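Enquirer: Structure for this input, please:
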Amino acid sequence: MRFSIFHNVGAPGRLDDVAGVLDEIREVATYADTAGYHSIWYTEHHFGHEGYELIPNPVQMGTDIAARTSRIRIGQAANIVTFWNPVRLAEDVAMLDQLSGGRVEVAVGRGLYGREAMNLNPVADPRDQEQNRALFEESVEILRKAWSGEFFSHSGRFFTYPQPGIEWSHPLSPPSPEFLGEDGTLNALKVVPQSFQRPHPPLHQVIDTPRSIQGAARAGMNGIFWMPPISELKGRFELYRDTLAEATGAEQALGSGLSLVRDVYVADTMEQARADFEEALLTSYRWICHWRGLNNLREVGEDITGRELDYDFLAERNLLVGTPDHVAEKVHELQEELNLQDLLLWTTHPGLTHGKAMRSFELFAEKVMPQFAGGAA
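Expert: I've put the predicted structure just below:
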């Protein structure tokens, strides 16, 4: 089983000390690089003046981390592709893959917050879900074309590459039908450099609904889940497996191609774990569930009408918080029930001190990982 770190960076009250926060991010990554964690993932969020989400560009963050590590894989969870010029994103990811020697993992998402979408690309307006999905799917199509290593062109609803009517003539650029039309204008582009990993870095999608689960499986993308309890995840894991099997024409194992983000905190006692982690954890959930609601935390068939968001509500559903043995027991449960092979630890909730987060990562690496064969991959 592989263990990774999902590092959504929040530091409320520390916007005047971002340099210090970045040093802490680096310390987590360099420790994880030596302690056997498989990968580390950064998020993309914008305009976070509240201090809960500080990284606007996970590719840029990953570039800094690549220069300071040698083994750990570096992911973005996720690039909100609807905010980007897809060719520019393809270039930046390919460059990071070259700089890191082929250690990049790429996750893509559609975007949730109107504050971000409407000020970065109004076409991505999450209030128009059909248009947002269409933009997402076309952007991913262009990413794949751009990473092909070949000259490519694209004409779609939202993007055209190359733009028509661009004349190109230069003695150091011999004309070729690969990229020039008979009228001497460009008809194709090539992204340079190509990615280190061929045909491109592993591609993941943050998934939740049946439509997104089936879409990812049919597109050959790995999936990343977060919130739901095991009883609800079972059906979603099975839907991904069955759709992937249908798409590939080959039998697929439950859990194949899927990873799961879980809120994880390890301490010497159960009481200490809750005391350290509770408020930081609830800060994240209060922030996110304001937009998403609590329904994604329901057990199968459960009516949670009137339930309030609190620690006990979460603890009985999806937390891996406690002593090393307790957390290991919870990981075993995920492995047995879902055949989970990739677990992403979300420990760095906003407000948790850096020292406590580091101690939790250390306890996990020293006392939980050894209980799972392959944990030090």
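Enquirer: Quick check: which ranges of the stretch 201-350 of the chain have low pLDDT?
Expert: Of all residues in the stretch 201-350 of the chain, none has pLDDT under 70.
Enquirer: can you map out the helices along it?
Expert: Listed in chain order, the helices of the stretch 201-350 of the chain (DSSP state H, counting those that start in this stretch) span 210-218, 230-248, 270-292, 311-315, 324-338.
Enquirer: Tell me which of those helices lies nearest to P58.
Expert: helix 270-292 (17.4 Å; C-beta to C-beta). For every residue, glycine as well, the C-beta is placed using N, CA and C.
Enquirer: and the nearest residue to R71 once chain neighbours are set aside, how far is that from G109?
Expert: Residue nearest to R71 in three dimensions, not counting chain neighbours: D33, with 5.5 Å by C-beta to C-beta, 6 or more residues apart in numbering. Remark: distance between D33 and G109 (C-beta to C-beta, to the nearest Å) = 25 Å.
Enquirer: Quick check on these two: which one has the bigger neighbour count.
Expert: Remark: of D33 and G109, G109 carries more neighbours, 22 against 18, as counted by other C-beta atoms under 10 Å.
Enquirer: what's the domain layout of this structure?
Expert: 9-19+49-147+194-206, 150-190, 216-376 (the TED database).
Enquirer: contact partners of the helix or strand that contains V87?
Expert: Element membership of V87, judged by DSSP states H and E, is helix 86-99. Applying C-beta atoms under 8 Å, 6 or more residues apart in numbering, the external contacts of helix 86-99 come out as 59-60, 62-63, 66-67, 74, 76, 79, 81, 103-104, 106, 138-140, 142-143, 146-147, 159, 161, 189, 191-197, 200-201.
Enquirer: What average pLDDT does that helix get?
Expert: For helix 86-99, mean pLDDT rounds to 98.
Enquirer: Which neighbouring elements make contact with the helix or strand following it?
Expert: Downstream of helix 86-99, the first helix or strand assigned by DSSP H and E is strand 104-109. The elements that strand 104-109 packs onto, with contact taken as 3 or more C-beta pairs under 8 Å, 6 or more residues apart in numbering; DSSP states H and E, are strand 39-42, strand 73-80, helix 86-99, helix 129-146, strand 203-206.
Enquirer: Can you name the next helix or strand after the longest one?
Expert: Same thing as helix 129-146. strand 154-155.
Enquirer: ok, residues contacting that next one?
Expert: Looking at strand 154-155 with C-beta under 8 Å, 6+ apart, the contacting residues turn out to be E141, I142, K145, T160, Y161.
Enquirer: is it fair to say the residue nearest to R71 lies in a helix?
Expert: Yes: D33 forms part of a helix when assessed by DSSP: H, G, I helix; E, B strand; the rest coil.
Enquirer: so who does it touch?
Expert: R68, T69, S70, R71, I72.
Enquirer: Now restrict those to buried residues only.
Expert: T69, I72 (16 or more other C-beta atoms under 10 Å).
Enquirer: Output the contacts of D33 as CSV; include the columns distance to S4 and pLDDT.
Expert: What follows is these, written out as CSV (distance: C-beta to C-beta, whole Å; pLDDT from 0 to 100):
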residue, distance to S4, pLDDT
R68, 17, 98
T69, 13, 98
S70, 16, 98
R71, 13, 98
I72, 9, 98
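Enquirer: Pick out the most distant pair among the contacts of D33.
Expert: R68 and R71 (11.5 Å).
Enquirer: Mind giving me the PyMOL command for buried ones among the contacts of helix 86-99?
Expert: Buried residues within these, by 16+ other C-beta under 10 Å, are selected in PyMOL with:
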select buried, resi 59+62+63+66+74+76+79+81+103+104+106+138+139+140+142+143+146+147+159+161+189+191+194+195+196+197+200+201
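Enquirer: Excluding sequence neighbours, find me the nearest residue to G149.
Expert: Nearest non-adjacent residue to G149, counting by C-beta to C-beta, 6+ apart: Q194, 4.2 Å away.
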